[in-house]
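1. output the structure for:
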Amino acid sequence: MGAMYGRITIGMLIMQDILAVLFLTFSTSKVPTRHAIPLLLALLFGRKCLSALISRSGHGEMIALCGLFLALVVGAESFEVVGLKADLGALFIGVLVGSHSKAKELSKSLLGVTDLLLVGFFLQIGLMVALSWDAVLWAILLIALLPLKSLAFFVILTRFHLRARTAWMAAFNLSTYSEFGLIAMALALSLSILIMAPLSRKAEALYDPISDFLKRFETAGQHPDDLPIQTKGERIGIFDMGRVGVAAYSTLQDRFPGQVIGFDRDPASVEMHQLAGRNVLLADSTDSDFWERVLVNDNLDLVVLAMPKHGANIHAAQTLKRHEFEGVVAATGKFDDEVKQLRCVGLDTAFNLYSEAGSGFSDHVFNVFTQQRPDLANTWNSREE
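-> Numbering: from 1, shown residues only. Next up, the predicted model:
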């Protein structure tokens with residue numbers, strides 16, 4: 001989701017959903033009452049009140065209840081009263097509170113509820129329509145059109161100066177039919193997901209052999225968010241500048257000054273680190289084109305994979321192996337089975353983040369204690385002897 005193609009995919013899917021909600025709203029033949037405009041104005045000017053309610057809702061169950069209240073009552077129910085579709089009301093409230101500092105926490109607290117409602121939505125649609133041979137034939141026809149849909153997205157995205165690899169990966173993720181298509185073509189949607197999901201997981205491997213051919217479709221100029229990487233001869237690369245990455249960067253920079261460079265795929269994070277004086281560039285470690293540019297001259301001797309998502313570390317490690325990287329690769333995992341998987345991929349070293357952090361913290365506490373209270377430390381050591 002943090003990769004360039006992932007952000008493009010999510011952005012386009014959001015726009016599709018917004019347009020679908022608007023279409024469903026106007027297709028119901030409902031006529032808004034004269035109170036619709038005053039309601040919209042009241043919600044717009046009452047945005048501070050909504051933000052204050054979220055701020056005072058605390059954490060845990062209370063913020064989840066606050067989110068449900070805003071979506072189902074303030075948004076959906078009020079829009080129904082004035083003759084507008086409830087879906088549009090919930091969407092409108094989401095836009096109003098989306099920039100709040102606790103919006104991310106609110107989203108996480110509602111994740112279980114939204115997943116349950118989504119499953120219910122799929123089941124409801126599936127139970128409404130009986131499967132027939134006509135539906136099967138239409139589904140087969142629509143599935144046959146999937147390659148054309150993928151090709152169309154690839155061509156469109158390359159027209160916006162995106163690299164062939166970015167357009168290719170985004171096109172694979174956008175090739176399935178929208179969940180709103182369940183209303184008209186439930187079977188086609190299900191089959192498109194069954195076909196494209198495994199292909200999307202192998203999109204990178206499918207891209208590599210034909211990358212030179214696909215790059216012919218790239219247009220002149222470069223997208224500002226898809227620029228090539230310009231390094232200065234650094235020999236150590238740290239991927240993902242979160243807490244673990246920053247700690248590794250600081251330690252290695254002290255020991256090997258001027259030889260360390262950090263990479264992060266979040267533009268805001270890159271800007272923050274650059275303002276702090278760190279040598280950090282915008283890059284995606286799962287981008288095969290990136291490794292072709294960096295490793296062609298054997299620029300890096302040590303790669304540290306410090307991404308919080310285990311799947312991202314695995315993907316990056318597999319990409320390195322596919323490009324025959326001969327340097328040292330280190331990675332972190334949160335659980336023993338993740339560390340085992342990383343080592344099976346062929347990494348030089350992988351360690352459990354939690355156990356190593358606990359061991360390091362214990363060593364730090366021991367050193368501080370022996371410095372501050374040497375009398376007690378010596379007494380305990382003598383008793384142990």
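
2. how is the protein divided into domains?
-> The chain is divided into the following domains under automatic domain parsing: 31-128, 130-227, 236-362.

3. can you put those domains in a markdown table and add mean neighbour count, mean pLDDT and distance to V21?
-> To be clear about C-beta, it is placed using only N, CA and C from the backbone, and glycine gets the same treatment. Shown next, in a markdown table, are those (neighbours: other Cβ atoms under 10 Å; pLDDT from 0 to 100; distance: least, Cβ to Cβ, whole Å):
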| stretch | mean neighbour count | mean pLDDT | distance to V21 |
| --- | --- | --- | --- |
| domain 31-128 | 15 | 86 | 5 |
| domain 130-227 | 16 | 79 | 8 |
| domain 236-362 | 17 | 80 | 28 |
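
4. out of those, which is closest to I18?
-> The minimum distance between I18 and those falls on domain 31-128, with 7.0 Å, by Cβ to Cβ.

5. got the end-to-end distance for that closest one?
-> Terminal residues of domain 31-128 lie 27 Å apart, using Cα to Cα, to the nearest Å.

6. what's the answer for stretch 26-33, then?
-> 14 Å.

7. and stretch 251-266, by the same measure?
-> 22 Å.

8. what comes into contact with that stretch?
-> The contact list for stretch 251-266, computed with Cβ atoms under 8 Å, 6 or more residues apart in numbering, reads 2-4, 231-232, 234-241, 245-246, 249, 270, 273, 278-285, 304.

9. keep only those of these that are in helices.
-> Those of the contacts of stretch 251-266 mapping onto helices are M4, G245, V246, Y249, V270, H273, per DSSP state H.

10. once you drop chain neighbours, what's closest to the second one?
-> Counting by Cβ to Cβ, 6 or more residues apart in numbering, the nearest residue to G245 once its immediate chain neighbours are dropped is A306, at 4.0 Å.

11. mind listing what the one you found touches?
-> A306 neighbours (Cβ under 8 Å, 6+ apart): I238, F239, D240, M241, G242, V244, G245, A248, A331, T332.

12. where along the stretch 101-250 of the chain do the strands fall?
-> For the stretch 101-250 of the chain, the strands defined by DSSP state E, counting those that start in this stretch cover 236-239.

13. helices along the stretch 51-200 of the chain, start to end?
-> 61-69, 78-81, 86-97, 103-109, 111-128, 133-144, 146-159, 164-174, 182-201 (DSSP state H, counting those that start in this stretch).
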